[in-house]
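Enquirer: Build the 3D model from these lines:
(3 chains)
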Amino acid sequence: MNTSRLQYRDTISKSIVWLLAIPALLVPTIILGYIFWKAAPVLDWDFISGTADGAGFGVTEGIFAQLLGSLLLAVMACVMAAPFALGTALYYRIYASPRQQQLLIVMFNMLQGIPPIVFGLCGLVMLVNLFAWGVSLLSGAVVLAIVLLPLLVLNTLAALERIPLNYTEAGRALGLDSGAIIWRLRLPRSWLNLLTGLLLAMARALSETAPIMFTATVFSGVVWPDSLFSPVTTLQTHIFYLAQEGNNPQVINIAWGSAAVLVLLVAAFGLIARVLKKLEAD
Amino acid sequence: MAIDPIHENFQQVALSSSDTVSPNSEGIALQVERLGLQLDGKVILQEISFSLPVKGVTSVIGPSGAGKSSLLRCLNGLLTQWSGSVAVNGCDTRKWRGGWDQLRRHVGLIAQKPVVFNTSIRTNVCFGLKSWRQRRHADELVEKSLRQAALWNEVKDRLNEPATTLSMGQQQRLCIARALAINPRILLLDEPTASLDPHSKQLIEQSMLQIAEQTPLVCVTHDLAQAQRLQGPVIFMCDGRIIEQGPGEQLFSQPQRIETREFINWSVCDCD
Amino acid sequence: MLKWWLSASALLSSMMIVLVVGFLLQSSWPLLQQQGIAFVAGTEWYPFESLYGMLPALIGTLWAVTLALLIALPCGVAAAMLSAELLSPKLRSTVRFGMELLAGIPSVVYGLLGIWLLIPLLESQFELLTGRTLLAAGLLLALMILPTIMVLSEDAISAVKQSHREAAKNLGIGWDATLWRVLLPQAWPGIRIATLLSMGRAMGETVAVMLVVGSIDRIPEPFYNLLQPAQTLTSRIGREMAEASVGSLHWAALLFCGLMLAMLAMMISLLTHRQRLVV
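Expert: Here you go, the predicted structure:
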């Protein structure tokens, strides 16, 4: 065996790793830069705060309505999903037998694996048509809530898991009932983690397009929905429709601008969640 | 006895990379001169000089934090920021052919806590062999190494079982067998029996003495009785320096330095 | 009261999956009743002639996912290896932060990128009439799952105990052997989960794929020809759902596509869950 060959082998294998890794690191970075470079011409305050009038068919700048719609849907979905997620996670911790626990975990991992478009389909059939809610804010929010549910449950479980067992046992030793243990021990101890989970869910809700495409959104003409049963416009679907308007470069610019805003919005939620996580760890 | 082809191969490697043995290093396996080490501005080792005979166990004793483990890590190239010179069989380790990795194949190190990989016992013993062909045809080597590490009788019927099912003591012997399988010319042991039961301790000491008939061993220990049982020369370290070194009996019965005397008395009291 | 709330929400949320699957099955029942199950293997999809062959979309999905994994897995794991083993801690946390950010980019943004960056690029590179091909879908999906694979693999690799790395070093087996025989085998459970998760994500990705895949029901001809427009299960749903009239066979067929997606996804997550309890 040649010793110098062994040394070369080290260098070669390291270079192969570098070679494979560099595109993985560079391409996404370049792409992120590309989005903002394309968006730069339209990005300004008027773009964000302006509302496109219905007749403009997207050519008029301004994405305020879409921004509002996206946030509204995401917040509603979170508000709907959160109590169920918390309840399920607490049930898991307090009442569930080991068998049930296992079943719940498998269930939620499965639910999380199901593509969002499938929930969109179900929402379209059941909520929009069967219940006759129509393409509406409510339908979209419910579908989104189902998409978020497994994420929230698993996050909440992880947050509760981090509470040491002796902490709740100490409470039990003081004679507190389970309700008091939840309100006075578990939730105060883990609320930062729960909030982190909620923020991540918001980010996720903002980035989903497929489930709301058929259930909640129209292309334009709405600034603020009149009721739960009226459709909204969202940033995600706005980008989706504009992207296919191939013959007008101005429209594509607006699409890039909207994409940049959406990326920033999602990143902002992710960042806040990250900061909170760090805060909790310290 | 017929030498199996794998071992022969390794023997050749060993010879080929030490073809520059200088004449005055006859009888000396390891020569350390003025070795010093600083990590993050803190002095860990200074002015360490000693040499190792070609066989026998050399014990390194001293209080914790004396730099004993760091010394071993410098000798086999896990730490490389040291100053001074270390020569194995007359070759400077900094200029070792094939670099530090190759050096570590010649200077084995056994850690205090046994580290076994999550595979079968057999695969663990063969872990250091480089090509899969060698690993596949290594039955004799596996048996020989396990025998040397006094583990063969316990595991010969279950070589394909996961190594993690072994007890701590067995795992440590497995680590020794794994290090022996690549035929090191010096074996360094960092408190190999510190966390083990008396029986394993005894077995490991026996196999150390047996291995030491062919290979020089350096054994860091804080157990003075163990250093005495291992019979070889003893080096006493404190605060990163060598305070005293010499034949074991002499150092234990008539320590020359006051620190040594204090350490020995204190340890004896502590043990009782 | 408390117990009631907890039990009700647990029951409802765990019933969700049964509800979804049962509902999809019920809605696609008319099609199954009329055509049996044989149409799954059919190669023709012409809703106007009541031909609902699923094979083109299934093969398209398979190809897109395979292609994405073939690209993203080696690159992602190599990047994880690089960041866990070769980079300084400071650089490493920067890389990780970037990857976590990238993992959050909405899929519709990737779709936009696909249409206005990737497709023109492919058209000029391969001199194609249309860049809307399986290759485009695969590349885009690879890009989308790359951050997930990298973040999870890096977790798995850096979870390998330091003492094991050191033991490998002590045996002097070299960096490449350490990689193959210590780091990758020990990180494998994590990498496997990362692969399965991103596989599920790639399979279910809708918006980005339907914008670039071309949406033409055709089996690649020959089978490795990736420079053809194709169809995936998701892109078909996305393209045709708005056109199908409620309650028609076409509608039922699309819902059956959804059912198949759900089944496949559930199979994948059954494979993952064995080693993963709580995320």
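Enquirer: and residue B:246, helix, strand or coil?
Expert: strand (DSSP: H, G, I helix; E, B strand; the rest coil).
Enquirer: neighbours around it, how many?
Expert: Close neighbours of residue B:246, defined as other CB atoms under 10 Å in any protein chain shown, add up to 16. Backbone N, C-alpha and C define where each C-beta goes, glycine included.
Enquirer: do the same with residue A:132
Expert: Residue A:132: 8 neighbours (other CB under 10 Å).
Enquirer: One more: residue B:215?
Expert: Neighbours of residue B:215 (other CB under 10 Å): 20.
Enquirer: residue contacts, it?
Expert: B:55, B:184, B:185, B:186, B:187 (CB atoms under 8 Å, 6 or more residues apart in numbering or on different chains).
Enquirer: From those residues, which one has the minimum pLDDT?
Expert: Within the contacts of residue B:215, residue B:55 has the lowest pLDDT, namely 81.
Enquirer: Distance from the chain centre to stretch C:219-230, please.
Expert: Stretch C:219-230 has its C-alpha centroid displaced from the chain centroid by 19 Å (CA atoms, centre = their mean, to the nearest Å).
Enquirer: Output that stretch as PDB - backbone C-alpha positions only.
Expert: The C-alpha trace of stretch C:219-230 is given here as PDB (Å, rounded to 0.1, in the frame of the first residue of the first chain):
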ATOM      1  CA  ILE C 219     -45.400   8.800 -21.000                       C
ATOM      2  CA  PRO C 220     -41.800   9.800 -21.800                       C
ATOM      3  CA  GLU C 221     -40.700   8.200 -25.000                       C
ATOM      4  CA  PRO C 222     -38.200   6.500 -24.600                       C
ATOM      5  CA  PHE C 223     -38.700   6.200 -20.900                       C
ATOM      6  CA  TYR C 224     -35.600   8.200 -20.000                       C
ATOM      7  CA  ASN C 225     -36.500  11.100 -22.200                       C
ATOM      8  CA  LEU C 226     -36.800  13.900 -19.700                       C
ATOM      9  CA  LEU C 227     -37.000  16.700 -22.300                       C
ATOM     10  CA  GLN C 228     -40.600  16.100 -23.000                       C
ATOM     11  CA  PRO C 229     -43.600  17.800 -21.400                       C
ATOM     12  CA  ALA C 230     -45.400  15.500 -19.000                       C
END
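Enquirer: what does that stretch contact?
Expert: Here stretch C:219-230 makes contact (CB under 8 Å, 6+ apart) with C:43, C:55-56, C:59-60, C:63-64, C:67, C:126, C:128, C:130, C:132-135, C:137-138, C:213-216, C:218.
Enquirer: what does stretch A:24-44 give?
Expert: Residues outside stretch A:24-44 that contact it (CB under 8 Å, 6+ apart): A:61, A:253-254, A:256-257, A:259-261, A:263, C:72, C:75-76, C:78-79, C:82, C:95, C:98-99, C:101-102, C:105, C:109, C:113, C:116-117, C:143, C:146-147, C:150.
Enquirer: follow-up on the earlier one: same list (the contacts of residue B:215) but as JSON lines, adding neighbour count, distance to residue C:8 and secondary structure.
Expert: What follows is the contacts of residue B:215, written out as JSON lines (neighbours: other CB atoms under 10 Å in any protein chain shown; distance: CB to CB, whole Å; DSSP: H, G, I helix; E, B strand; the rest coil):
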{"residue": "B:55", "neighbour count": "15", "distance to residue C:8": "77", "secondary structure": "coil"}
{"residue": "B:184", "neighbour count": "25", "distance to residue C:8": "66", "secondary structure": "coil"}
{"residue": "B:185", "neighbour count": "18", "distance to residue C:8": "72", "secondary structure": "coil"}
{"residue": "B:186", "neighbour count": "21", "distance to residue C:8": "70", "secondary structure": "strand"}
{"residue": "B:187", "neighbour count": "23", "distance to residue C:8": "66", "secondary structure": "strand"}
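Enquirer: hmm, which two among those residues are most spread apart?
Expert: Among the contacts of residue B:215, the pair separated by the greatest distance (CB to CB) is B:55 and B:184, at 13.3 Å.
Enquirer: Which residue is the nearest non-sequential neighbour of the closest residue to chain C within the stretch 151-282 of chain A?
Expert: For the stretch 151-282 of chain A, the residue closest to chain C is residue A:207, as judged by CB to the nearest CB, at 3.4 Å. Sequence neighbours aside, residue C:106 is the residue nearest to residue A:207 in space, at 3.4 Å (criterion: CB to CB, 6 or more residues apart in numbering or on different chains).
Enquirer: Neighbours of the closest residue to chain A within chain B, how many?
Expert: Going by CB to the nearest CB, chain A is nearest to residue B:98 of chain B, at 3.3 Å. Residues within reach of residue B:98, counting by other CB under 10 Å, total 22.
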